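Colleague: this is a predicted model, with the sequence first.
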Amino acid sequence: MVSLIEMPELVMENIIGFSDFKDVLTLRQVCRDFRNFIDDVDDSKLPDSKFEGISFKILDETTIGLSYEDEDDSYSTGYCGMNNFRCFSQNVTDLGNVNIVDVAIRDLEWLLKFQKSVLEEFDVSFDEYQLRNDSPFHSLPIKVRNMFEKLNRKIKTRKFTLKTYDESQIIAFLPFIDPDALKSLEFHSLDYDGEVEIEIDEIAKTEQWKNSEELDCEFRVLNLKVEDICHFSSINFQTNTISAKYLDSMKKVFIKSSKFELLFLGWESFNENEELTNLWGPAFSTETAKLHWYFRMKDSEERILRIIIDNTGHLLWFDVCKMESIPNGAIVQDYNEK
Amino acid sequence: MSSTEQGTSSAAPAEPTTAPESAAAPEVPESFYYVHGKDKVVHKVSAGALQHSALIHGMISNLGYTEEQAKANPFPFENIDGDILQMVVDWCNQHKGKPTPPEDTNLPKQKEKLFDLVLAVNYLEIKELLTYCCKQVAMMVKGKSPEEIREIWMIPTDAEDEAAEKEAKKRAGKEAAGETAAAAGDAK
């Protein structure tokens, strides 16, 4: 009898194409010939795993977590450096002398190889443990990047979330994400005091930044130009100092935008309330520390741009509201081209 | 309604023949070719049915045989078992000039036959049938564990495979040594 391993290449490619990714990974475990064949086969011949989300995280000092979900189920795998084992559902595999970082990255690589449809979310999270020289995870970010490079294909996801201590990793990882599919960027800082600063110039030049519609950045952003954020519909970021002039240019941009929804900005220092009153007229105020302004948006009867400055909370937000939610006594200023 | 239409067409003899009739009696007579497998049993197949096989189709167009030449020179497929070639011929006849359906449920259920069929179809380059066969093999793999797959298709584990390879090498080594000894003996 002819064995399955004796099938010609085209036949094997066809069989793999009609299998689902779990069956292909099972075939890979059957024997050396299958393993070599599947490892060498072009990614385009592999079936689509149709995951909706993939998340790769350092969970604690010795553990990495890899989780992913499809339409029906979610799965997670833990890689524990303490006793060097991998744990998937009820199955625990002793990894012997093999480095758990390498195993976890290889598993992530397989998930990405099979993923052809666009992910809803791709989430990568490094922790501060990785910063220490003696940590088993010290080289993890560089190894993940090398794997992405080897993958030779941009990762298609609607939302990319990167959680890190080291802001330089944003520009290092962003190019591996497919800008055409991207809608939302989230950069979380592991420095809970929010003091890590980030120069946004280079990041704002990337197609990934330009194509996104939403931005959530926990790092303290420096040099963020208004023209670099005007394409977003939703923005959340922090910065050191803001000026009345800067806020006014933001107002001028967003008042014209038909897709603008929300901007949330935290600052360290702002003391130009008077200048703002000169520019925007007197503010409406119900609580002493909160100043409100209302502006009719361009080409819209319904949409009102609301700007609230909270001087005690050191934050401000721009959002879009309807006429009925405007408090009594507040003035809605007409749209003005200037 | 339909009887009225028929009445009208029969009442007008000048009308050209209707479409179904012309399909039943084509203007150009169909050419036939002959193939045989390992068992030498010759099958007469129309060029239309053979179009499914890119390999045979290519051979036919290059040779430009007359009916007599085709009869005298059946295509020999010594690498294909007779019963498998019969299956292939039947499939080509059934699907002659028809669009192929998305599924084919008439494929052999026995894995031995299915595998032989896959190899024959791959060799003859019958794309659609190969697709059905590969789908069927994929279905047979679906949801099985590596152990089950090894058992079904009698695939050795890597360790067994290595042991068998070592054994074969050893045997080959011994045989070679034996041959050398024999050759040396002959030389004497």
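Modeller: In hand now; what should we look at? Numbering: from 1, shown residues only, chains lettered A, B, ... in the order given.
Colleague: what does the pLDDT read for residue 85?
Modeller: Reading this off chain A. A:Phe85 is assigned a pLDDT of 87 by the prediction.
Colleague: wrong chain, I was asking about chain B
Modeller: At B:Leu85, pLDDT is 93.
Colleague: report how many residues lie close to the nearest residue to it once chain neighbours are set aside.
Modeller: In space, and not counting its chain neighbours, B:Leu85 is closest to B:Gly37: 3.6 Å by CB to CB, 6 or more residues apart in numbering or on different chains. The C-beta positions use only the backbone N, C-alpha and C, and glycine is treated the same way. Per other CB atoms under 10 Å in any protein chain shown, the neighbour tally for B:Gly37 reads 23.
Colleague: next SSE downstream of the helix or strand hosting A:Leu215?
Modeller: Assigned by DSSP states H and E, A:Leu215 belongs to strand A:214-222. Proceeding N to C from strand A:214-222, the next assigned helix or strand is helix A:226-229, under DSSP H and E.
Colleague: in the helix or strand just after that following helix, what counts as buried?
Modeller: Note on helix A:226-229: by DSSP H and E, the next helix or strand toward the C-terminus is strand A:234-241. For strand A:234-241, the buried set under the neighbour-count rule, 16 or more other CB atoms under 10 Å in any protein chain shown, comprises A:234-239.
Colleague: around chain B, pick out the residues from chain A.
Modeller: A:1-5, A:7-8, A:10-11, A:14-20, A:23, A:26-27, A:29-32 (CB under 8 Å from any CB of the partner chain).
Colleague: just to revisit the earlier point, which of the buried residues of strand A:234-241 lies closest to chain B?
Modeller: Proximity of the buried residues of strand A:234-241 to chain B (CB to the nearest CB) peaks at A:Ser234, which lies at 43.0 Å.
Colleague: thinking again about what came up before, out of the residues of chain A next to chain B, which are inside helices?
Modeller: A:10-11, A:14-18, A:23, A:26-27, A:29-30, A:32 (DSSP state H).
Colleague: list buried residues within these.
Modeller: In those, the ones that pass as buried (16+ other CB under 10 Å) are A:11, A:14-18, A:23, A:26-27, A:30.
Colleague: and of those, the nearest to B:Val137?
Modeller: A:Ile15 (5.0 Å; CB to CB).
Colleague: please report how far that closest one lies from B:Leu130.
Modeller: 10 Å (CB to CB, to the nearest Å).
Colleague: for the strand holding A:Leu215, packing partners?
Modeller: strand A:184-189, strand A:197-199, strand A:234-241 (3 or more CB pairs under 8 Å, 6 or more residues apart in numbering or on different chains; DSSP states H and E).
Colleague: what about it, distance to the chain center?
Modeller: 11 Å (CA atoms, centre = their mean, to the nearest Å).
Colleague: quick one: mean pLDDT for that strand?
Modeller: Strand A:214-222 comes out at a mean pLDDT of 93.
Colleague: tell me what angle that strand forms with strand A:184-189.
Modeller: Angle between the axes of strand A:214-222 and strand A:184-189 is 40 degrees (criterion: axes from the mean of the first three to the mean of the last three CA atoms, to 10 degrees).
Colleague: what helix or strand does the residue nearest to A:Leu27 when sequence neighbours are not counted sit in?
Modeller: Of all residues beyond its chain neighbours, the one nearest A:Leu27 is A:Phe34 (4.9 Å), with distances taken as CB to CB, 6+ apart. In the assignment (DSSP H and E), A:Phe34 maps to helix A:32-40.
Colleague: try A:Glu149
Modeller: Short version: A:Glu149 belongs to helix A:140-151, going by DSSP H and E.
Colleague: partner strands of the helix or strand just after that helix, parallel or antiparallel?
Modeller: Sequence-wise, the next helix or strand downstream of helix A:140-151 (DSSP H and E) is strand A:157-164. Strand pairing for strand A:157-164, using DSSP bridges, gives strand A:119-125 (parallel), strand A:184-189 (parallel).
Colleague: JSON lines for the ones you listed, including mean neighbour count, distance to A:Met250 and mean pLDDT?
Modeller: Below are these laid out as JSON lines (neighbours: other CB atoms under 10 Å in any protein chain shown; distance: least, CB to CB, whole Å; pLDDT from 0 to 100):
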{"stretch": "strand A:119-125", "mean neighbour count": "20", "distance to A:Met250": "28", "mean pLDDT": "96"}
{"stretch": "strand A:184-189", "mean neighbour count": "20", "distance to A:Met250": "19", "mean pLDDT": "94"}
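Colleague: distance from the helix or strand encompassing B:Lys135 to the middle of the chain?
Modeller: B:Lys135 belongs to helix B:127-141 when assigned by DSSP H and E. The chain centroid and the centroid of helix B:127-141 are separated by 13 Å, computed with CA atoms, centre = their mean.
Colleague: and that helix, which residues are buried?
Modeller: B:129-138, B:140-141.
Colleague: now stretch A:173-186
Modeller: For stretch A:173-186, by 16+ other CB under 10 Å, it's A:173-174, A:176-179, A:181-182, A:184-186.
Colleague: ends of that stretch, how far apart?
Modeller: Stretch A:173-186 has an end-to-end distance of 12 Å (CA to CA, to the nearest Å).
Colleague: also stretch A:136-144?
Modeller: OK, stretch A:136-144 end separation, CA to CA: 14 Å.
Colleague: break chain A down into its domains, please.
Modeller: A:1-47, A:49-223, A:239-338 (automatic domain parsing).
Colleague: low-confidence ranges, the chain, go.
Modeller: This is for chain A. Along chain A, the parts satisfying pLDDT under 70 run over A:1-2, A:129-131, A:194, A:288, A:338.
Colleague: that's the other chain; I wanted chain B
Modeller: Ranges of chain B meeting pLDDT under 70: B:1-28, B:99-102, B:104-105, B:178-188.
Colleague: near chain A, which residues of it are found?
Modeller: B:111-112, B:115-116, B:118-119, B:122, B:130-131, B:134-135, B:137-139, B:141-146, B:149-150, B:153-158, B:161.
Colleague: surely B:Val118 meets B:Cys133?
Modeller: Yes. With contact defined as CB atoms under 8 Å, B:Val118 reaches B:Cys133; the gap is 4.6 Å.
Colleague: sorry, back to before: between the buried residues of strand A:234-241, which is nearest A:Leu276?
Modeller: A:Thr239 (16.4 Å).
Colleague: dump the strands paired with strand A:157-164 into a markdown table; add distance to A:Ser257 as well.
Modeller: Conversion of these to a markdown table gives the following (distance: least, CB to CB, whole Å):
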| stretch | distance to A:Ser257 |
| --- | --- |
| strand A:119-125 | 25 |
| strand A:184-189 | 17 |
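Colleague: quick one, longest helix in chain A?
Modeller: Max-length helix for chain A by DSSP H is helix A:100-114.
Colleague: centre of the chain to that helix, how far?
Modeller: Counting by CA atoms, centre = their mean, helix A:100-114 comes out at 20 Å from the chain centroid.
Colleague: for it, output the C-alpha coordinates as CSV.
Modeller: Listed next in CSV are the C-alpha coordinates belonging to helix A:100-114 (Å, rounded to 0.1, in the frame of the first residue of the first chain):
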residue,chain,number,x,y,z
ILE,A,100,10.9,28.4,27.3
VAL,A,101,11.4,31.7,25.6
ASP,A,102,12.3,29.9,22.4
VAL,A,103,9.4,27.5,22.7
ALA,A,104,6.9,30.3,23.3
ILE,A,105,8.2,32.4,20.4
ARG,A,106,8.1,29.3,18.1
ASP,A,107,4.5,28.7,19.1
LEU,A,108,3.6,32.3,18.4
GLU,A,109,5.3,32.0,15.1
TRP,A,110,3.1,29.0,14.2
LEU,A,111,0.0,30.9,15.2
LEU,A,112,1.0,33.8,13.0
LYS,A,113,1.9,31.6,10.1
PHE,A,114,-1.6,30.2,9.9
